[in-house]
Structures are given as C-alpha cells and as structure tokens.
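Engineer: Predicted structure and sequence below. I'll ask about it afterward.
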Amino acid sequence: MAKKFFLSRLINRSKINTFFRRNTKKKLYIAGGIFLFIAVLVVAVILFANSVNWDKAKGPILDKGMISIGLRPDLQGFALKNEESGEIEGFEKDIAEEIVKRLFKEEKINVEYKEINSKTGKVYIQKGDLDFTLGAYIKTDSESYLSYSNTYYTDATAFYARQGSITKAEDINGKKIGVVSTSYAGYNKKLEEFLKSRNIICEYKYYNAYPDAVDALHTLKVDIIAGSRMIMQSYAADTVELPGYVLPHGYRIALKKANTELNKALNSILNDMRKDNTLDGLKIKWQLVDYDQ
C-alpha cells in the first residue's frame, strides 16, 4: 500500500515538473520572441533615423545652382594654396571634390571654394555664405547654430619644447604652456581639464595663432607649447615633440544645424569612402598618418 502511495506521488510530481518545464520553455520562447521583435524595431528606427532623403539634402543647393565649400589654405597636406596655380590642393580639397561628385553624380553644379580660418568659416556658415567647411573639430556653447559630421581624420594635440630643454611630457608639471585659443586644446580649456585629471598643474598662456605661440616658446616666454601634430609640422623647426601625453581629436565637416538631411548625406558619403578605401587612399596620397592608425 505504501509502495503504491509513494509511486503515485512520484508520478504526480513528474507530471507537475513536466508541466512547469513545458510552461517555462513556452515563456522563454515568448520572451525571446518579444526581445527579437524589440531588437528589430530598434534597428529599424535607427536605420530610418539615419536614412538619407537625397532630394532634400541637395535640393536647396541645386536651387541656387552652386555649392560653396570652406577650406583652410594654410595646412600642409590638408589644404595649401599652390603658389603657381593659385589653387588650393590637399587631402581636404580632394575630400570636398569626392563629396561633390557623390552627392550630385550626373547633376550639374557649380563649385566655389572659399578660403577660411578657424573663426571666419563659422561666420560664413551662419550668414549662409557657405554650405559647409572642412577642418572643423569642436563645438562651443555659443555655436548652437552648427552641427558636425562624423570624423574623417583623427589628429592629436601633442607637446613641443625647445631642443635640449624638457625631454618627456611627464616633466611638464609646474611649467608654462603656450596654447592657441582657437585650437582644440584651447577651446573650453580642454587641455587644462585633460592635465588636471592627471594631477598636473601648469601655468597657461593663450595666443591667437600658432606663430605667436611658437615665437613665445623661442623667446622663453613659455616652456612648452601644446598644438595639433599636423599643424605643428609647419612650425616645429628647432622644437622636439615630447613623448607621453596626447589629446586626440577628430576633423569634421561643419554646417548649419538646420541642414539635417545634408548632414546625413555627408555622413553616408564619408562612410562609403571608408568602406571603399577612398579615405585611406587619399591619406596615402598626401602622406598623412591618422592618429587612430
């Protein structure tokens, strides 16, 4: 009798366990299906948000019959005016030409390249004189009218000293550092924040342009200057780059914040140029080394 009782309980327990296992599997299948649905929905939303309406992106430019692009003509390898032809040549000029070709394809459009600097380019964009500029790398609170593309090149701020003085970046603590106000390091005191996070306290002297900062270094007004590796190629005579700290930053395209479709189009084109190795090919052509590489 006892044997039948215990056998009956075991059978009932087995049925109960089977019931819960089946229901647990069912719940897992349902949960998995819901998760998959949500994942597909999220991907669809992202793809839709990033999809380009090409007609809206280029329509306003086609209506006026011209695209205006800003380039800095003072950076070797990137954009530099050829003294003989008077034309701007370099990595960023080639990127601009590739963007125009891919954006308009068979459509006819006049192209105007305008010389800018770190300040005038943003002014021209705000006034509507330029559709976009290359070589941008930072946005401040006062520039809410701007938006930026994804990066097409990564540079880095490095430290430079007079030959025979300081030998490594770790020795800059307590020294005087020259910084260009409009550089990445100068905007919003990014360099100060960067070094402070590493418990390095220095005295900072801000200058309007790279030649001013370099002159301050050679006249002993500062011990070090912090500047873009690529820009410093033009000013680094009789200086030495200090191994150690660096502050990476990307070069981007700046345009009006309202031009959302154009920004999507630029990002799509830049992404395609990465995939088909056009960007890498242009870096090789102009002998540029991306900091990320």
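Structural biologist: Structure received.
Engineer: As a check, name the ranges of all strands in the stretch 151-293 of the chain.
Structural biologist: Per DSSP state E, counting those that start in this stretch, the stretch 151-293 of the chain carries strands over the ranges 153-162, 176-180, 203-207, 224-228, 239-256.
Engineer: With mean neighbour count, mean pLDDT and distance to D129 added, can I get those strands in a markdown table?
Structural biologist: For every residue, glycine as well, the C-beta is placed using N, CA and C. Shown next, in a markdown table, are those (neighbours: other Cβ atoms under 10 Å; pLDDT from 0 to 100; distance: least, Cβ to Cβ, whole Å):
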| stretch | mean neighbour count | mean pLDDT | distance to D129 |
| --- | --- | --- | --- |
| strand 153-162 | 21 | 92 | 25 |
| strand 176-180 | 23 | 94 | 25 |
| strand 203-207 | 16 | 95 | 28 |
| strand 224-228 | 27 | 91 | 26 |
| strand 239-256 | 19 | 88 | 11 |
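Engineer: out of those, nearest to Y113?
Structural biologist: strand 239-256 (13.9 Å; Cβ to Cβ).
Engineer: Would you list the strands that that closest one pairs with, along with their directions?
Structural biologist: As defined by DSSP bridges, the strand partners of strand 239-256 come to strand 132-136 (antiparallel), strand 146-148 (antiparallel), strand 153-162 (antiparallel).
Engineer: Is it possible to get a markdown table of the ones you listed that adds distance to D280?
Structural biologist: As requested, these are arranged in a markdown table below (distance: least, Cβ to Cβ, whole Å):
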| stretch | distance to D280 |
| --- | --- |
| strand 132-136 | 17 |
| strand 146-148 | 22 |
| strand 153-162 | 11 |
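Engineer: Quick one: closest of those strands to R229.
Structural biologist: Closest to R229 of those is strand 153-162 (Cβ to Cβ; 5.2 Å).
Engineer: chain center to the closest one, what's the gap?
Structural biologist: Here strand 153-162 is found 16 Å from its chain centre; the criterion is Cα atoms, centre = their mean, to the nearest Å.
Engineer: ok, back up a step: so for A79, which of the strands of the stretch 151-293 of the chain sits nearest?
Structural biologist: Closest of these to A79 is strand 239-256, at 11.0 Å (criterion: Cβ to Cβ).
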